[in-house]
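Asks: Just a sequence and a predicted model for now, questions to come.
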Amino acid sequence: MNELRRKIEGEILERGPIPFSRYMEICLYDLELGYYSRKAAQFGKAGDFYTSSDVHAVFGRLLARQFEEMWRMLGSPVQIVIRELGPGRGLFAQDVLDWSEKKFPDFFRALRYDLVEQSVALRARLEETLKRQIESGKAVIEPSGAKAQYSRGLIGATEVAPFQSVHTIVFANEFFDAMPVEIVSHRGSLRIDSRNGRFVETWASPSAEELEFLDRYSIHPEEEERVEVTLLAQREMLSACEIERGFVVVTAFGERESVRSSR
């Protein structure tokens, strides 16, 4: 963590106080030191958190049925891509592919599963979890994830097999809510500065984009109130929707006091 702190302090020294979104970006997604990039052990039953796919395969199986129905609604095309944003360890993809192969063979034959993940550690886990599907060409790890678009580096590219489908299902589970946000209050837009070896908060005038966001949703922060402005998530959602023909499926879940994991 000292190395991460030094990296943030170095950027502040070079550029001045940084937006809160940049501070959050470095902490979570720096390609070497970020929380999601350091290791994959924080996921799952023994880690810091887990999602529906860690609990039971039924989540992936239910969505596989939904994806097959979407494929039929599109006219049962010869080729279709499921493009998962932030697939983590690949448990959801594994469940969708295994269940589709078993229960929906026509859909499975038309399907290729694209995995969009920028974490080196998690990409290694994907290669392990989906070894059979990747070797057969049924699943592909894309060169870099959507989150890599706002990182300061790029992961080495991997070959993506040719696939001409214009039919796409974009899927994201617990993805957009983990993206860096701006913080705006009645004092302005939050910046992070470094003084005497400590990070401190300062404030700057909100950008036009931040003000437009507040006006669009009729949000006017009162004294001592802070608002998350999700500019990056909005841009990524618009990008996800730039498909020729298909569907975008986004899921997220609230906290539960107690959940038993079986995986």
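Replies: Great, that's in hand.

Asks: buried stuff in the lengthiest helix in the chain?
Replies: In the chain, assigned by DSSP state H, the helix with the most residues is helix 58-73. Buried residues in helix 58-73, counting neighbours by 16 or more other CB atoms under 10 Å, are found at 59, 60, 61, 63, 64, 65, 67, 68, 70, 71. Any C-beta I mention is one placed from the backbone N, CA and C, and that applies to glycine too.

Asks: Pull up the pairing partners for the next helix or strand after that helix, direction included.
Replies: Counting by DSSP states H and E, the next helix or strand C-terminal to helix 58-73 is strand 80-85. According to DSSP bridges, strand 80-85 has the following sheet partners: strand 111-116 (parallel), strand 167-173 (parallel).

Asks: can you state the direction angle for strand 80-85 and helix 58-73?
Replies: When axes from the mean of the first three to the mean of the last three CA atoms, to 10 degrees is applied, the directions of strand 80-85 and helix 58-73 differ by 140 degrees.

Asks: if we look at strand 80-85, which residues are touching it?
Replies: With contact meaning CB atoms under 8 Å, 6 or more residues apart in numbering, strand 80-85 is reached by 67, 71, 74, 92-93, 96, 107, 110-116, 145-146, 163, 165, 167-173, 175, 236, 240, 246.

Asks: Are any of those buried, and if so which?
Replies: Judged by 16+ other CB under 10 Å, buried ones among the contacts of strand 80-85: 67, 71, 74, 92-93, 96, 107, 110-116, 145-146, 165, 167-173, 175, 236, 240, 246.

Asks: Isn't residue 167 up against residue 111?
Replies: No. Residue 167 lies out of contact with residue 111 (CB atoms under 8 Å); the separation is 10.2 Å.

Asks: Give me the common contacts of those two.
Replies: The contact sets of residue 167 and residue 111 overlap at 71, 80, 81 (CB under 8 Å, 6+ apart).

Asks: Grab the nearest non-local neighbour of the last one.
Replies: Read it as residue 81. What sits nearest to residue 81 in space, not counting adjacent residues and going by CB to CB, 6 or more residues apart in numbering, is residue 168, at 4.8 Å.

Asks: Having no further points to raise, I will conclude here.
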